[in-house]
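Participant: what would the 3D arrangement of this be:
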Amino acid sequence: MTESTEKRYSVGELAAHVGGTVLGDTARPIVRCHGLMGAEPADITFVSNVKYMRQLATTEAGCVVVGRQVNEKSIGRDGKPPLTFIQTDDPYFSFRQIVVLIHGFRRHAAVGISPLASVASSARIGKNVNIHPFAYVGENVTLGDGCNIYSGVTIMDEVILGEDCILYPSSTIYEQCVLGNRVILHAGVVIGSDGYGFATHKGVHHKIPQIGTVTLEDDVEIGGNSVVERAAMETTRIGMGTKLGNGVVIGHNCHIGQHNLLVSQVGIAGSTSTGHHVVLAGQVGVAGHLHIGNMVTAAAQTGIAGDIADKQVVWGTPSIEIHQARRVFAQLAHLPELVKRVRALEVQLEKLKPGNSDHSEVGG
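Facilitator: Modelled structure (predicted):
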């Protein structure tokens, strides 16, 4: 849980920090950031999604960060005092900047290397590294400057971590994996476990040794209880700036591109690759040996069974272009009625067949 600095900022100071324009009281003091509903007069909040615009009529927030198209005249307040706005080109990112300014990031205790941690004598430890009690650091491990290793973390032999990495409790890195700078692993993450490789011979599944590794490039963040499998022979790679949600599974030999967003419970089978800035929403499943192009978006619960070209937006199982998918899903509720009508038509057609004694003569 982050702690507020308790410093007061004026709306004018916050607007200057994000390059925004104030509509209203520039001197109003702001103490903390808060969600739109439940915000109080000393709070700042934001709206970036049009479906929340109606809540501006009732919020008690001291200031709201909004897009350039929103102003005080466009909001009916039903007798409530007018709102103070900070208009920006990107209200979501601007609010993020304000949260960082007011609240900052989680602070890590400067514990040094705990005597209760198990650190191999061959490990190379950088400057200002914190290793908490009951962490394990194996042989020939390299930890870059500023890393924070929490309790219960296991780092197996010959792992390399860059600078300023954060490994939260009970995360595990198997041998010979490589992490870049500023990588964050949340609790329970497993990096480099064996890929799902078996050769079936005469009805018996024989394990194939997974002799590859995993590489996480700079600024990768992986949510709790996610798994990235080691490659069978080369490397499973997660590209720079990519963020994985909770419960994501990346199969062996996958190459995930830069700046992807893989939301919770995504599963990607082995040897699949993605381009840059791919977004896979919650519970998307991807078959193996596929390529997903640059800037593709897949809506929640999509099942991807084939390659997808650049810049496509898809939905459904199997995945199809999203506008077509919406038309298809809009008709699902009518399927029972359509089936009845088709069956009735089949009965009528059967009666009209030549030689059927049940049909009436035409023109008789």
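Participant: do a quick rundown of the helices in the stretch 251-364 of the chain.
Facilitator: 322-331, 335-352 (DSSP state H, counting those that start in this stretch).
Participant: tell me which of the ones you listed approaches residue 256 most closely.
Facilitator: When these are compared by Cβ to Cβ, helix 322-331 sits nearest residue 256, at 22.1 Å. (Each C-beta comes from the backbone N, C-alpha and C, glycine too.)
Participant: which residue is the nearest non-sequential neighbour of residue 82?
Facilitator: Distances taken as Cβ to Cβ, 6 or more residues apart in numbering place residue 72 nearest to residue 82, at 5.1 Å, with adjacent residues excluded.
Participant: let me fix that: residue 314
Facilitator: residue 298 (5.2 Å).
Participant: and for residue 250?
Facilitator: Closest to residue 250 by Cβ to Cβ, 6+ apart is residue 228, at 4.6 Å.
Participant: what mean pLDDT does the helix or strand hosting the one you found get?
Facilitator: Element membership of residue 228, judged by DSSP states H and E, is strand 227-229. Strand 227-229 shows an average pLDDT of 98 in the prediction.
Participant: how far away from the center of its chain is that strand?
Facilitator: Chain-centre distance of strand 227-229: 15 Å, with Cα atoms, centre = their mean, to the nearest Å.
Participant: give me the domain ranges for this structure.
Facilitator: For the chain, the structural domains run 9-103, 171-318, 332-364, going by automatic domain parsing.
Participant: re earlier: was I right to think the residue nearest to residue 82 contacts residue 24?
Facilitator: Yes. Residue 72 lies in contact with residue 24 (Cβ atoms under 8 Å); the separation is 6.7 Å.
Participant: looking at the two, which one has more neighbours?
Facilitator: Taking other Cβ atoms under 10 Å, residue 72 and residue 24 do not tie; residue 24 has more neighbours (18 against 13).
Participant: need the contact list for that one.
Facilitator: 11, 63, 72, 82-85 (Cβ atoms under 8 Å, 6 or more residues apart in numbering).
Participant: how about 10 Å then?
Facilitator: 11, 62-64, 71-72, 81-86 (Cβ atoms under 10 Å, 6 or more residues apart in numbering).
Participant: now, the residues you listed that are in helices?
Facilitator: Applying DSSP state H to the contacts of residue 24, the entries found in helices are residue 11.
Participant: for ChimeraX, write the selection for the buried entries among the contacts of residue 24.
Facilitator: ChimeraX command restricting the contacts of residue 24 to the buried ones, with burial defined by 16 or more other Cβ atoms under 10 Å:
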select :11,62,63,64,83,84,85,86
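Participant: list just the nearest of the contacts of residue 24 to residue 334.
Facilitator: residue 64 (42.1 Å).
Participant: assess the claim that that closest one and residue 71 are in contact.
Facilitator: No. The criterion here is Cβ atoms under 10 Å, and residue 64 misses it with residue 71 at 11.2 Å.
Participant: common neighbours of these two, please.
Facilitator: Jointly contacting residue 64 and residue 71 under the rule Cβ under 10 Å, 6+ apart are 23-24, 83, 85, 87.
Participant: just send these back as JSON lines, with pLDDT too.
Facilitator: As requested, the shared contacts of residue 64 and residue 71 are exported to JSON lines (pLDDT from 0 to 100):
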{"residue": "23", "pLDDT": "93"}
{"residue": "24", "pLDDT": "92"}
{"residue": "83", "pLDDT": "89"}
{"residue": "85", "pLDDT": "94"}
{"residue": "87", "pLDDT": "96"}
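Participant: can you name the two of those residues that sit furthest apart?
Facilitator: Across the shared contacts of residue 64 and residue 71, the longest distance by Cβ to Cβ is 11.7 Å; it joins 83 and 87.
Participant: tell me where the stretch 1-150 of the chain is predicted with low confidence.
Facilitator: 1-6, 74, 76-77, 79 (pLDDT under 70).
Participant: I'm done for today, thanks for sticking with me.
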